[in-house]
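Dropping the sequence and predicted coords here.
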Amino acid sequence: MSSIFVKSEFAPLKRVVMAQSEFAFSQHNDGSDDSFLTEESLELYKSVDVDGKNFRDVFPERQQAWEMERANLKKLLEKYHVEVMMPRMLTDYEKELGKEDGYSNFFVRDPFFTIGHLLIEGSLRFPHRRNEILPVRNLLATEANQQQCFYVSIPKPDISNGPDAEEGPFLEGGDVLVLDKTIYVGNSGLASNSNGVQWLTNLVRNFDYQVIEVPLHHTILHLDCALSIVRDGLIIVCEDAFLNGLPEQFKNWEKINVTLEQAARLATNGLPINDNVYITDYEFDFIGTELEKRGITVEYIDFKISRSFGGSFRCSTQPLLRRED
């Protein structure tokens, strides 16, 4: 049996890639890439000179706390017998190459994703993230070779009209939610776009998957910032984030609702280990209480620093294997 397969967002998690904690600011940080960050984070970054600097050098104590958050997540995943792998660190050359736009190696959910037995490299909208696939590529190549799975990459973004051209195609793993043979892909204008959705549709229809594009509120970075599929029949959701209403499949599901403000703080970006265990932040204990009422075990980790970058538990992980035994 292949060790590369993702059946759904809540199928038992057995193998996962977990993110490193590397980030540097752009040399010309004008705030154009920061619309999804919290006001607290924006104020912090304005309070000191961060342009062109590594987060570790500007905020050493926060860097240490950030690394501890990830270490605690790894420990918790291993408690549930999940095999955890991590990308390599960025090389000095990669950091030098990324000095102008900034560089990152911090949310492994987006540069690639897994649908069924397909390993797919995405295409990221923000320039400082476009090389984020490189630290994880050797891991993906090894997995593809050993597991003999299907490993493909979306085309590089079209920059014929400049580095900020909208053509893409853009396709980010945070926008991609898997539910058996249906794939939901978010589009808020901040990350994935319709050209990326069309590319994915053309690919996965060959494997009998249906892709549904989901228009999102302009402040929502990714679909997983507005929707968490906890188990069959239960979601955590910010309904105000869906411009055309919830996708039809979820309309009659039981819902734990959050506001746009709570969604911005990553309330829906928890991580199901399986359909009986869910990871979230202490800040969202109101969600945990509702889950526990429904018989779900809730594990809490303080993830404040990770969330300050615009991502949380789901963003920090990308599964390689989610399936029943």
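The structure has been received and is ready for your questions. Numbering: from 1, shown residues only.

For this protein, give me the ranges with low pLDDT.
Applying pLDDT under 70 to the chain picks out residues 1, 29-38.

residue ranges for the helices of it, please.
Per DSSP state H, the chain carries helices over the ranges 39-46, 55-58, 60-79, 92-97, 134-147, 194-204, 260-264, 285-293, 304-308.

Out of those helices, which gets nearest to residue 122?
Of all the helices of the chain, it is helix 194-204 that lies closest to residue 122, at 7.8 Å by C-beta to C-beta. Backbone N, C-alpha and C define where each C-beta goes, glycine included.

Now do that closest one: which elements does it pack against?
Applying 3 or more C-beta pairs under 8 Å, 6 or more residues apart in numbering; DSSP states H and E, we find helix 194-204 packed against strand 118-121, strand 182-187, strand 210-215.

Those strands: which one's closest to residue 89?
Counting by C-beta to C-beta, and looking across all of the helices and strands packed on helix 194-204, nearest comes strand 118-121 at 19.4 Å.

could you turn that closest one into PDB, dropping everything but the C-alphas?
Output in PDB follows, covering the C-alpha atoms of strand 118-121 (Å, rounded to 0.1, in the frame of the first residue of the first chain):
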ATOM      1  CA  LEU A 118      -1.100  13.000  -6.400                       C
ATOM      2  CA  LEU A 119       1.700  15.100  -5.100                       C
ATOM      3  CA  ILE A 120       1.300  18.600  -6.600                       C
ATOM      4  CA  GLU A 121       3.600  21.500  -6.500                       C
END
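
Tell me which other helices or strands that strand touches.
So strand 118-121, by 3+ C-beta pairs under 8 Å, 6+ apart, packs with strand 112-115, helix 134-147, strand 150-153, helix 194-204.

partners of the first one in the sheet?
Sheet pairing for strand 112-115, assigned by DSSP bridges, gives strand 118-121 (antiparallel).

Outside of the partner strand itself, list whatever touches it.
Residues outside strand 118-121 that contact it (C-beta atoms under 8 Å, 6 or more residues apart in numbering): 4, 111-114, 133, 137, 140, 143-144, 149-154, 200, 203-204, 207, 320.

can you do 7 Å?
Here strand 118-121 makes contact (C-beta atoms under 7 Å, 6 or more residues apart in numbering) with 4, 111-113, 133, 140, 143-144, 149-154, 207.

Please spell out the PyMOL selection for the buried subset of those residues.
Selection of buried members from the contacts of strand 118-121 for PyMOL, criterion 16 or more other C-beta atoms under 10 Å:
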select buried, resi 4+111+112+113+133+140+143+149+150+151+154
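
buried set for stretch 117-128?
So stretch 117-128, judged by 16+ other C-beta under 10 Å, has buried residues 118, 119, 120, 121, 122, 123, 124, 125, 126, 127, 128.

An error on my part: the question was meant for stretch 196-212.
Residues 196, 197, 198, 199, 200, 201, 203, 204, 209, 211 are the ones in stretch 196-212 that count as buried (16+ other C-beta under 10 Å).

which two of those lie the greatest distance from each other?
Taking C-beta to C-beta, no two of these sit farther apart than 196 and 209, at 15.2 Å.

Distance-wise, check residue 49 relative to residue 25.
To residue 25, residue 49 is 9 Å away according to C-beta to C-beta, to the nearest Å.

Neighbour count for the two, which is higher?
For residue 49 versus residue 25, the count of surrounding residues by other C-beta atoms under 10 Å is larger for residue 25: 20 against 11.

Dihedrals phi and psi, that one?
Main-chain dihedrals, residue 25, degrees, to the nearest 10: phi -80, psi 150.

Good, we can wrap up now.
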